[in-house]
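K.L.:
pasted the sequence and its predicted model underneath.
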Amino acid sequence: MDTDTATVNADLAAYLERVRVHRAELRDSVAAVDEALAAPIARGGAWRERVRAALAELHHDFQDHIELTESPGGLYEKIRLGDPPLCTKVDRLAEQHGQYHDAISGFLTV
């Protein structure tokens, strides 16, 4: 393996590790929203604030996820270039990102 290939492979491995770590953070944010929603409503305003804080964290983490996967040089671009038959699936995922982002944003504006 030449130096350029080794560098590309190391860069890709580092990038994929960032994606993996970030996905774990995103899962934690989703779990925090779930936990906040499951808490007793009897606490009134505290319940709403806990749900709002969890949604704000999810919104931030999801925005980071979109940037990480959809930015130039990101995972989706690499897939589109490396495996063109997967373009339709990647496009569908990007569309879903937009829908989820809008939904989360909508919950925060209520």
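P.N.:
Alright, I've got the coordinates.
K.L.:
use CA for all of it now, contacts and neighbours both
P.N.:
Noted.
K.L.:
tell me who's in contact with H101.
P.N.:
Going by C-alpha atoms under 8 Å, 6 or more residues apart in numbering, H101 touches H59, F62, Q63.
K.L.:
does it sit in a helix or strand, and which one?
P.N.:
Take DSSP states H and E as the rule and H101 turns out to sit in helix 87-109.
K.L.:
next one: H22
P.N.:
Assigned by DSSP H and E, H22 falls in helix 3-38.
K.L.:
in CSV: the contacts of H101, plus neighbour count, pLDDT and secondary structure.
P.N.:
Below are the contacts of H101 laid out as CSV (neighbours: other C-alpha atoms under 10 Å; pLDDT from 0 to 100; DSSP: H, G, I helix; E, B strand; the rest coil):
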residue, neighbour count, pLDDT, secondary structure
H59, 23, 97, helix
F62, 23, 95, helix
Q63, 14, 95, helix
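K.L.:
list the helices and strands the helix holding H22 packs on?
P.N.:
If contacts are counted by 3 or more C-alpha pairs under 8 Å, 6 or more residues apart in numbering; DSSP states H and E, helix 3-38 sits against helix 45-70.
K.L.:
the residue nearest to the spatial centre of the chain and T7, how far apart?
P.N.:
The geometric centre of the chain, computed from its C-alpha atoms, lies nearest to H65 (C-alpha atoms, centre = their mean), at 3.0 Å. Between H65 and T7 the distance is 24 Å, computed by C-alpha to C-alpha, to the nearest Å.
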